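In: sharing a sequence plus its predicted fold:
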Amino acid sequence: MKKITQILEGKNLLSIFLTAGFPTVERTIEILTEIEDYGVDFVELGMPFSDPLADGETIQQSSAVAIRNGMTLATYFEVMKIVRKKTDLPVVYMGYLNQILQFGVEQFCRKCNEVNIECLIIPDLPLEVYEREFKTIFEKHELLISFLVTPTTSDERILKIEELTTGFMYVVSSSSITGRRGKITKKQRAHYEKIKAMKLNKPTMIGFGIHDKKSYELACQYANGAIIGSEFIRYVAKENAAYFLTTLKA
Amino acid sequence: MKKITQILEGKNLLSIFLTAGFPTVERTIEILTEIEDYGVDFVELGMPFSDPLADGETIQQSSAVAIRNGMTLATYFEVMKIVRKKTDLPVVYMGYLNQILQFGVEQFCRKCNEVNIECLIIPDLPLEVYEREFKTIFEKHELLISFLVTPTTSDERILKIEELTTGFMYVVSSSSITGRRGKITKKQRAHYEKIKAMKLNKPTMIGFGIHDKKSYELACQYANGAIIGSEFIRYVAKENAAYFLTTLKA
Amino acid sequence: MSYTIDENGYYGSYGGAYIPEMLYRNISQLQDNYLKIINSDAFQKEYKQLLADYAGRPSPLYHARRLSDKYGGKIYLKREDLNHTGSHKINNTIGQILVAKHMNKKRIIAETGAGQHGVATATVSALMGLECVVYMGALDVKRQAPNVARMKMLGAKVITAHSGSQTLKDATNEAIRDWINNPEDTYYLIGSVVGPHPYPDMVARFQSIISEEMQQQLMEKEGAPDPDRILACIGGGSNAAGAFYHYLDNKKVQLLAAEGAGKGITSGESAATSILGSDGIIHGSKTLLMQTSDGQITEPYSLSAGLDYPGIGPLHAHLIKEKRLHVYPITDIEALEAAMELTTLEGIIPALESAHALAILPKLEIRKDEILVINLSGRGEKDMDAYQKYFTYLKKHPKDELEKSFLFVP
Amino acid sequence: MSYTIDENGYYGSYGGAYIPEMLYRNISQLQDNYLKIINSDAFQKEYKQLLADYAGRPSPLYHARRLSDKYGGKIYLKREDLNHTGSHKINNTIGQILVAKHMNKKRIIAETGAGQHGVATATVSALMGLECVVYMGALDVKRQAPNVARMKMLGAKVITAHSGSQTLKDATNEAIRDWINNPEDTYYLIGSVVGPHPYPDMVARFQSIISEEMQQQLMEKEGAPDPDRILACIGGGSNAAGAFYHYLDNKKVQLLAAEGAGKGITSGESAATSILGSDGIIHGSKTLLMQTSDGQITEPYSLSAGLDYPGIGPLHAHLIKEKRLHVYPITDIEALEAAMELTTLEGIIPALESAHALAILPKLEIRKDEILVINLSGRGEKDMDAYQKYFTYLKKHPKDELEKSFLFVP
Ligand SMILES: Cc1ncc(COP(=O)(O)O)c(C=O)c1O
Ligand SMILES: Cc1ncc(COP(=O)(O)O)c(C=O)c1O
């Protein structure tokens, strides 16, 4: 059984999203090697993209900085190689489809295996295209995949996503791009409740808009854990990430 | 016989055009009372109009100044009343039709009679309209009329103009608005020659573009005399009009 | 009673050709030949083809539903704004440029106010490969800058008129002076139903395509060719003449026009000729014009450069005298409001001139079953500057309802 | 071989819908319903009526004699410049606003480059009384200022996109993000044959009226519906798709397109996707796009805001791959020259985008008896600023023929 799969059986999981190469390549390596000490269960390491459709300003800007820092998919795997010398913290690949296509899907999969990336999130790879074109190859390389579930996803479709999910179901907290702050609304809570009530057979992680202890803990009541992205990056930018993590489980 | 008719039997006639009220009403009166001494045979006293279609910048601007000085058709006749106390120099009325219409044609004619204006030039009153609508009333008041003849006027039409002319035939020197300077061209000379060769039965005066001794004397070879307008006004503006007149017959 | 010219070029007591002798040959050539030329088959074929393929005619007759909902009745817009170059002016310039070609002229001159006639003239001159000079008042050069740029790109020379109020009247003076100076090869392409005979009649004929199409389109859409009322703005009056033309003798159709009242008819800054004008002569034509008691032509004012003219075509003077036409003075602010309204209700930004015609609507009592046609003479791109300024003003002063006309400085 | 989409929304290997799950419901609703909606009689009736009475269709097919004299053959211009709002974009926005109404949407969002699609969207939104938000890159807001003013007056909110190259690509990103944030009541009205399925097919269908009319008009004028070649410019490719649509399977008709080569295809500042692009995914569609070897999308450059896009519609990518379409890269200067030429020869100021299509002419060998149709996608009012600058530059540097592309800074 894969390490990530094991971890995803747990509760109150804390995952963070990090843009590879932000604010510098060195800092990414440092964060990845140290973060486990702060109670982070696994990391989504984002491959920066020039045109991240589903992302808000924080991730857009961190991506622009990372690209300017020379982050490429090749560098991404180099970073992971270095990281792997120090930690076997589970790292989920998160990135848009175009870069994988340019890199070559086969080679991409091999590289993931090499650096022990076990799971992928590709936000602009829809379920249907995955099934038709990518399922076989990802399975061949034993790469798990996680799909998003949003407030607009129908029940029928949630079940289909459940079926195809091999990693976890990424429950998008609200209908929005990444990076929104503010209190978790009644509507969002209803969405959490609905998902919980469906008693899905796959692990669930809630993400988008989780930004403090309160929203993190609330999410944990409904899912296996939560993912903090933009807010974490904001603290990284302020060089205050470690402090931020300590507040979450304090 | 009217005084102007007598004068028009002469040769080498010198006539000047003056905008009434330019540069001031007082100066107009002065010029009119003194000008005979400089060899001027008769004067065209222009009633300033806001939109003088056939006039160049000099007359446009002098007209604007005169209007600003309060020159109206009523003032025009007042000026003439004052002038008439000092001189019986023949004065030809020159002005656009609109003002005469507003003043009332009957009353206009009476006023002309009162101040001994014997002859009219109305550049935008075409021959045909004159014949149809104005001939009777002008004749009733014994007002003479002068029409323009231009280089584009056909021979047939010149003869018709000759027939209707009761004052003189105003031979426009070239196809242009007033105020052009520059040497008299071959084309203009040909036009002069043609007119002379027609041996017209009415007096002729050449005008438009006559601006110095040379062009004046040339015109005199082909007509009864010449009219100086814009150039005279330029000298008036420079307060040098008397000097200019002395150069013409020197 | 008849609304066509007599043999001397008069509509009743208005019209004629009060021109200096220097223009006689050119004008009489035109008088003698224009009907022969434009009634020839060859001319009509070329004219109609250019109207269709080049100008984009017929212009649609658009049922403006949301505007109708607001004012009642069934309001149609005759979409002259969709013509090539953006107004009705092209109908006339296509016609006259063909006349000029038939008369073998090599050089075209024109006056322009809003710049639409200047652009339309520069356009057809380019099309025919003829030299083109456009006279435009200095104030208009400033307030209709986009059109100046277009004329220049089209190869026309734009000459700024600095005299008088530096608007259309003065541009016209300068154009006439140019024609006097260039009597041989030059054709003066007048932009409205003004000037000496035969211009008012010739221009009206070229614009009459508007009402010709209106009749057909209403026939198709309503089963009858006659609307109840036709609304148009009047600068010189060409778009109105075109919109009224085929209905002139049809008394069942009411004719309504808007003129530029500027800051109000009693403000001293307006161009409301029908109210403030009296009989006189302007630009070679006997007509209604704004003038002093002494016969000096008054300097007019309207925010709309195309309506900023102290005269009116002799046909319209005659129609007013005969009570065949009712004229509404429309202030700058009323026109601006009407422009905003059409834009947000129908997605059509009208020319400021055309907005004056729209501004008649709130002044009418409209029966439910009534059919109105508003001649939308042009589009508003050239007026974006004024519109933006008003827009900004309104944002800053939402409460000043009554004071707008004094406070808004364009 | 077929040039229509398959059941998954692909033209050959291009197209599809590569969208995040957040857009799935909206996109699949659209996929499932668009054909049903637009093929209904009620829809077709309303669409056709608005095209005719509101947009001013059919747009003329104009035989450009002087242009033909210069280049040979018989050159027709399809006059999309005469449409309401000034370009072909209105064909599509009228169609999609009706789709949005059928789907009960209350809020319209759009991206725009040249501003023509933004204006066309703001226009139909006003017409239907719907809220409208338009995203526009900061650079485009600056260089197409007249259109920004128009959108605002039409009641649209214009939001400036400051990311990336601050052009069309970035505006599109922002519009997609808005749609993600507003999944309930908002309709995303895309302006070209780009984006996820069904947009490329839907937009192409709405623009296909162009070639539908072309066939009829050529039948009338030439006795046969087929020209020898059709020329169009490609930003995303909607006007080209419309001009080619009914000829796609008719191999006798050659299809030619122009793309924005900016300062030259080797300059590093261009938008010549067909030459510099490779397969990838942009804005939810698999197609040709300009990208780094690492899959980052390249920031494009063209003086023409409407062509300043690093991708191309999937239909066109497919046509290029199948060698059905030949694409010419056209530099800024070539386009400017072509714009000047059309203006002075035919009295038509084209949009800078359309000028790219015209600039193909000097690159062709044209037989005397050949019939060419150039799709004149829009008018040039919005580009007067660039034209004036070039005009001024040429006056100052008449001799720099070869250096122009380096020296002219717009
Ligand atoms: C759009 C538009 N409408 C109306 C006018 C007024 O002219 P007319 O009264 O001759 O139609 C103009 C003049 O420039 C114009 O541009
Ligand atoms: C006039 C005009 N032509 C062409 C285009 C390019 O778009 P498309 O390739 O979708 O026709 C634009 C885009 O704004 C445009 O405004």
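Out: Ah, there it is. Residues are numbered from 1 along each chain as shown, chains lettered A, B, ... in the order given. Ligands and ions are numbered 1, 2, ... in the order given.

In: who in the stretch 301-410 of chain C is up against chain B?
Out: Contact residues (C-beta under 8 Å from any C-beta of the partner chain) of the stretch 301-410 of chain C with chain B: there are none. Placement of C-beta: from N, CA and C, glycine included.

In: pick out the residue of the stretch 301-410 of chain C closest to chain B.
Out: Going by C-beta to the nearest C-beta, chain B is nearest to C:Pro310 of the stretch 301-410 of chain C, at 9.3 Å.

In: touching, that residue and C:Thr287? I think so.
Out: No. Counting by C-beta atoms under 8 Å, C:Pro310 stays clear of C:Thr287, with 10.4 Å between them.

In: below-threshold pLDDT in the stretch 101-250 of chain C: ranges please.
Out: Of all residues in the stretch 101-250 of chain C, none has pLDDT under 70.

In: got the residue ranges for the strands in it?
Out: Counting by DSSP state E, counting those that start in this stretch, the stretch 101-250 of chain C has strands at residues C:107-112, C:131-137, C:157-161, C:186-188, C:229-233.

In: would you turn the ones you listed into TSV with mean neighbour count and distance to A:Gln188?
Out: Formatted as TSV, the strands of the stretch 101-250 of chain C follow (neighbours: other C-beta atoms under 10 Å in any protein chain shown; distance: least, C-beta to C-beta, whole Å):
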stretch	mean neighbour count	distance to A:Gln188
strand C:107-112	27	62
strand C:131-137	25	62
strand C:157-161	18	63
strand C:186-188	23	74
strand C:229-233	28	55
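
In: can you put those strands in CSV and add distance to ligand 1?
Out: Listed next are the strands of the stretch 101-250 of chain C as CSV, based on distance: least, C-beta to the nearest ligand atom, whole Å:
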stretch, distance to ligand 1
strand C:107-112, 7
strand C:131-137, 11
strand C:157-161, 15
strand C:186-188, 16
strand C:229-233, 5
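
In: make a markdown table from these and add distance to chain D to it.
Out: Formatted as a markdown table, the strands of the stretch 101-250 of chain C follow (distance: least, C-beta to the nearest C-beta, whole Å):
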| stretch | distance to chain D |
| --- | --- |
| strand C:107-112 | 12 |
| strand C:131-137 | 10 |
| strand C:157-161 | 13 |
| strand C:186-188 | 16 |
| strand C:229-233 | 18 |
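
In: can you check which of those gets nearest to chain A?
Out: When these are compared by C-beta to the nearest C-beta, strand C:157-161 sits nearest chain A, at 45.5 Å.

In: start and end of stretch A:82-90, how far apart?
Out: Terminal residues of stretch A:82-90 are spaced 14 Å apart (C-alpha to C-alpha, to the nearest Å).

In: and stretch C:251-260 with ligand 1, contact?
Out: No. Stretch C:251-260 does not reach ligand 1 (C-beta under 6 Å from any ligand atom); its nearest approach is 8.9 Å.

In: so A:Glu106 is in which element?
Out: helix A:105-114 (DSSP states H and E).

In: can you list the buried residues in that helix?
Out: Of all the residues in helix A:105-114, those buried under the rule 16 or more other C-beta atoms under 10 Å in any protein chain shown are A:108-109, A:111-112.

In: please, where are all the helices along the stretch 51-200 of chain C?
Out: Ranges of helices in the stretch 51-200 of chain C, per DSSP state H, counting those that start in this stretch, are C:65-71, C:89-102, C:116-128, C:138-143, C:145-153, C:168-181, C:199-207.

In: what's the first one packed up against?
Out: Packed against helix C:65-71 by the contact rule (3 or more C-beta pairs under 8 Å, 6 or more residues apart in numbering or on different chains; DSSP states H and E) you find strand C:74-79, helix C:332-346.

In: center of chain A, which residue is that?
Out: Nearest to the geometric centre of chain A sits A:Glu44, at 3.8 Å (C-alpha atoms, centre = their mean).

In: for chain C, what's its nearest residue on chain A.
Out: As assessed by C-beta to the nearest C-beta, chain C sits closest to A:Glu57 within chain A, at 27.8 Å.

In: find the nearest non-adjacent residue to that residue, please.
Out: Leaving aside its chain neighbours, A:Glu57 sits nearest to A:Gly179 (6.2 Å; criterion: C-beta to C-beta, 6 or more residues apart in numbering or on different chains).

In: in terms of pLDDT, where does residue 42 sit?
Out: You didn't say which chain, so I picked chain A. A:Phe42 is assigned 98 on the pLDDT scale.

In: ah, I was thinking of chain C
Out: pLDDT, C:Ala42: 97.
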